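J.: Need a 3D model of the sequence below.
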Amino acid sequence: MRHVKTGLEVFAENPPKSLNCKRLGLLCNPASVNNNFIHASTIISKLFPGQLKALFSPQHGFHADKQDNMIESENIEDTILNIPVFSLYSSTRIPLKEMMDTIDVLLIDLQDTGTRVYTFIYTMSLCLEAAKIYNKEIIILDRPNPISGTVIEGNCMAEDCKSFVGRYNIPMRHGLTIGELSLLFNNEYKIGCNLSVIKMHGWKRNMFFYETGLPWVPPSPNIPTINSAMVYPGQVIWEATNISEGRGTTLPFEIFGAPFIEPEKISEYIKKTNFPGIILRSISFEPTSGKWANQLCHGFHIHITNPLKYKPYKTSLILLQIIMKLFKKHFQWKKPPYEYEYIRLPASLIIGDNDILKGITDQINIDQLEKTWQKDLINFKNMSKKYFLY
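T.: Below is the predicted model of the structure:
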C-alpha cells in the first residue's frame, strides 16, 4: 500500500520560500509525525534553521501525557531546540499576545478524530482568532479525517450548548479534515485571518485511516488505536454519565460498563435491535483509574465488522436509552464541572442539544429523534461542500 502524504510531508518536499526569514511557531503533539515517525518540529527546524521560535500544545499536553478533561499542562521548554512550549490547555486556552509576539507564522499540525467534541479543532479556531487580532499568518498542515470524509452523523450544536467541546454548529461526526474545518471556521464564522492549507496528496474522501498507509500515533491517551477513534463519536457520550467509557483500561471507548450493569438483560434488547456494522460482546473489566477504579464492571466490547454500515452516534444513543431504562435506579448523569463549564450538565455539552437530551431521557425512539435533526444535517452538508479540498 502506498501511503497518503500528509500536509507535513508535502510541506517538507516543497518548503514555501515565503517563510524564509520569518519567525515560525508550531502547534503540535506526538502525533505530528511523518511516515517515518520523524516529528514535525525536527523537520521544520531543519528546513528553516533557527527560525522555529516557539512550540504550542493542545489538550493533553505537548507529550500527550495528560488524562481526561480539565487536567492542565504547563508551559515548558523544549530542551532539544531550546525554545518555549506554550500550553493552550492551561490557565488559558486562548493564545496570549506574549505568545504570539514570538512568531510571524503559526504552523498547525494536529491529528483530529473527526468528532465535534474533540477539542483540538477549537484550539485551532482560537489560534485563527488570535492570528487575526495580532496580524499573524496561519498555515494548516492537513491530515486525514480518520473516520472518513463521506459520512456525517448526529445533530448539530445548538446555540445554548456551546462550550469548549462545541464552539460551532457542526454535527457530532463532521466528515471534514482539520484543514477543511479551518477554512469553514475562518469564513462561515467571519474570523477572517490570513490562512492557507497545505493539502495532502493521495487522500480520498471515502478513506478510513487504516486505508491511508500512515502510522497511527495516539493524538491523546485515550484514542490509542484507529478503532478507538471510530467508536468515539458515540462512545464519548458515556463521559456524561456514571458509566465507564473504558478509561483506565487498554480499550478506552471500545468498551463500556459499570458494576450495576447486567449484560444478559441488555443482550435481550440487542437481539431485538438492529446494530449494523458491529458485534456487541459482553465482557467484565476492572478500570485502574477513572470511574469505578479497581471495581469490577460489566458491559460490552464493540467489535466493528463493517465501518461503512456502523453508525457510532446512533448506536451509543440506543445503548444509552437501554441502560437508562433497565438500570434507572443506578444510572446517573454526571454533574459539572466539565471542560470549564460549572453549571450546565456535561450531557448538554456533549450531545449539544437540550431538546434531544430531553427526548433521550423521555425514551423517545432514536429513529424518531434522528428525523428531527436531518434538516440541519443536510444544511451543514451543503455548506461544508464549499470547503472540500479533496
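
J.: Tell me which helix or strand the closest residue to residue 37 other than its chain neighbours sits in.
T.: Counting by Cβ to Cβ, 6 or more residues apart in numbering, residue 215 is the residue found nearest to residue 37 once chain neighbours are left out, at 6.3 Å. To be clear about C-beta, it is placed using only N, CA and C from the backbone, and glycine gets the same treatment. Per DSSP states H and E, residue 215 falls between elements, in no helix or strand.

J.: Quick check, pLDDT for residue 215.
T.: For residue 215, the pLDDT comes out at 96.

J.: again with the one 10 residues further on
T.: What the model reports for residue 225 is a pLDDT of 98.

J.: before we move on, what about residue 1?
T.: pLDDT, residue 1: 58.

J.: Go ahead and flag the most central residue of this protein.
T.: residue 118 (2.8 Å; Cα atoms, centre = their mean).

J.: Go ahead and confirm that one touches residue 112.
T.: Yes - Residue 118 lies in contact with residue 112 (Cβ atoms under 8 Å); the separation is 6.3 Å.

J.: For stretch 381-390, which outside residues touch it?
T.: For stretch 381-390, contacts defined as Cβ atoms under 8 Å, 6 or more residues apart in numbering pick out 142, 149, 152, 174-177, 179-181, 183-184, 187-188, 197, 199-200, 203-205.

J.: Please disregard the earlier target; I meant stretch 271-283.
T.: Under Cβ under 8 Å, 6+ apart, the answer for stretch 271-283 is 255, 257, 263-264, 266-267, 270, 298-311, 315, 318, 322.

J.: and those, which are buried?
T.: 255, 257, 263, 266, 270, 298-302, 304, 307, 310-311, 315, 318, 322 (16 or more other Cβ atoms under 10 Å).

J.: Pull out the buried residues from the contacts of stretch 381-390.
T.: For the contacts of stretch 381-390, a neighbour count by 16+ other Cβ under 10 Å gives the buried set as 142, 149, 152, 174-177, 179-181, 183-184, 197, 199-200, 203, 205.

J.: Now, these that are in strands?
T.: residue 197 (DSSP state E).

J.: Poorly predicted segments of the chain, please.
T.: Residues of the chain that meet the criterion pLDDT under 70 lie in 1-2.

J.: now the strands for it?
T.: 24-27, 52-57, 76-78, 83-87, 105-108, 137-141, 153-156, 171-173, 194-198, 255-258, 278-285, 297-304.

J.: Export the ones you listed as CSV, with columns for distance to residue 35.
T.: Putting those into CSV (distance: least, Cβ to Cβ, whole Å) gives the following:
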stretch, distance to residue 35
strand 24-27, 18
strand 52-57, 21
strand 76-78, 23
strand 83-87, 24
strand 105-108, 18
strand 137-141, 14
strand 153-156, 29
strand 171-173, 26
strand 194-198, 15
strand 255-258, 30
strand 278-285, 30
strand 297-304, 25
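
J.: Can you say which of these is nearest to residue 8?
T.: Of all these, it is strand 137-141 that lies closest to residue 8, at 4.6 Å by Cβ to Cβ.

J.: Which strands and helices lie in contact with that closest one?
T.: Counting contacts by 3 or more Cβ pairs under 8 Å, 6 or more residues apart in numbering; DSSP states H and E, strand 137-141 packs against helix 7-13, strand 105-108, helix 120-134, helix 178-188, strand 194-198.

J.: The ones you listed: which one's closest to residue 335?
T.: Among the helices and strands packed on strand 137-141, helix 120-134 sits nearest to residue 335 (Cβ to Cβ), with 22.8 Å.

J.: What segments of the chain are helices?
T.: 7-13, 40-47, 97-100, 120-134, 178-188, 226-235, 263-272, 312-326, 346-351, 354-361, 366-372, 374-384 (DSSP state H).

J.: for the ones you listed, which one ends up most surrounded?
T.: helix 226-235 (a mean of 25; mean count of other Cβ atoms under 10 Å).
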